[in-house]
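Student: here is a sequence together with a model predicted from it:
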Amino acid sequence: MSKSGNFYVYGRNSVVEVVTNKAKTINKIFVKNSIPPNSYSDLITIAKENLIPLVTVPEKKLEKIVGRVKHQGFVAQITSLEYLDFYSWIEEINLASYPGVLLLDGIEDPHNFGAILRTAAAAGMAAVIVPSQHQAPLNATVFKTSAGTAGRIPVIRVQNSTQGFKDLKLAGFKVYALSSDSKKAIWELQVNEPTAFVIGNEGRGISNKLMKMIDSSLMLPMENNVESLNASVTAALVCYEWKKKITYK
């Protein structure tokens with residue numbers, strides 16, 4: 001495993017989420033001193049159970065820590081979120097269940113990254129694989145946008161997207177690219193093996209090198225002269241088409 005570095009998580013729901021599911025990663029919790037303790041007794045209880053210091057501070061202290069963001073009076077200092085190693089992860093996966101994976105080819109907007117993680121977790125995808133460069137890191141913005149689900153789904157970091165593709169192929173995955181040039185609509189997807197979907201960069205799309213390697217491509221039918229959708233929206237549609245095919249197989 002590798003670590004993404006220290007950062008702060010803010011917002012009541014995000015703080016409760018990380019305390020509940022990733023308590024060992026938390027150094028300290030800060031709460032605005034004007035908030036009545038009985039309104040966050042659940043957080044106090046969880047913090048005590050996990051020996052996490054919880055201190056009350058004035059608004060100015062919170063602004064000094066995270067800036068003028070919508071922290072709602074709750075901030076948690078996180079030691080790190082961990083990226084998983086592909087080979088350690090694959091050893092624990094049941095490939096016979098036809099798991100689904102997203103391979104991101106450089107999603108640089110942290111809001112898109114967070115939204116993708118949230119959808120992937122909700123749809124039951126087995127992991128999200130990211131390259132080490134030209135990719136938004138796991139940070140506070142990602143965690144906030146994901147509504148805390150960044151800690152619920154494995155995020156695997158590989159050297160680059162083509163290496164991620166090669167690793168998936170060796171593990172037995174069929175890899176699809178989402179491309180407007182494809183003649184095969186997303187609802188024609190058939191899931192008969194472990195499946196991965198490549199989501200391209202917000203501006204550049206999927207690299208030419210990677211496009212030449214993939215097994216097949218799928219397209220999202222567009223009307224009214226709409227050329228493409230946001231990367232996180234595309235990922236959401238793909239995740240739930242996969243889930244539908246797995247659920248009603």
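Tutor: Now that the structure is in, tell me what you want to look at. In this text, all values refer to a predicted model and were calculated from it rather than measured experimentally.
Student: switch to C-alpha atoms for all contacts and neighbour counts from now on
Tutor: Fine.
Student: just for this structure, where's the confidence low?
Tutor: 1-6, 80-81, 148, 249 (pLDDT under 70).
Student: can you show me the helices along it?
Tutor: 12-21, 41-49, 59-66, 86-91, 110-123, 140-145, 161-170, 208-211, 231-247 (DSSP state H).
Student: residues in contact with stretch 134-147?
Tutor: 4, 7-11, 13-14, 17, 81, 105-111, 113-118, 149-151 (C-alpha atoms under 8 Å, 6 or more residues apart in numbering).
Student: show me which of those are buried.
Tutor: 7-11, 13-14, 17, 81, 105-111, 113-118, 149-151 (16 or more other C-alpha atoms under 10 Å).
Student: so residue 74 touches residue 28, yeah?
Tutor: No. The pair residue 74 / residue 28 is not scored as a contact, 11.0 Å apart, by C-alpha atoms under 8 Å.
Student: ok, now how distant is residue 31 from residue 234?
Tutor: 37 Å (C-alpha to C-alpha, to the nearest Å).
Student: who's more crowded, residue 74 and residue 28?
Tutor: residue 74 (23 against 17; other C-alpha atoms under 10 Å).
Student: who's in contact with the more buried one?
Tutor: Here residue 74 is in contact with 10, 11, 12, 15, 29, 30, 31, 32 (C-alpha under 8 Å, 6+ apart).
Student: number of residues surrounding the last one?
Tutor: Yep, that's residue 32 we're talking about. 20.
Student: distance of it from residue 42?
Tutor: On the measure of C-alpha to C-alpha, residue 32 and residue 42 end up 16 Å apart.
Student: what sits against the spatially most central residue of the chain?
Tutor: Centroid check for the chain by C-alpha atoms, centre = their mean gives residue 117 as the closest residue, at 2.3 Å. With contacts defined as C-alpha under 8 Å, 6+ apart, residue 117 is in contact with 128, 146, 149, 150, 153.
Student: residue 228: which of those residues is nearest?
Tutor: Nearest to residue 228 among those is residue 128, at 21.7 Å by C-alpha to C-alpha.
Student: pairing partners for that closest one in the sheet, please.
Tutor: residue 102, residue 155 (DSSP bridges).
Student: how much space between it and residue 204?
Tutor: 20 Å.
Student: quick one: residue 124 from residue 232, how far?
Tutor: Note on residue 124: its distance to residue 232, by C-alpha to C-alpha, is 16 Å.
Student: more neighbours: which of those two?
Tutor: For residue 124 versus residue 232, the count of surrounding residues by other C-alpha under 10 Å is larger for residue 232: 23 against 16.
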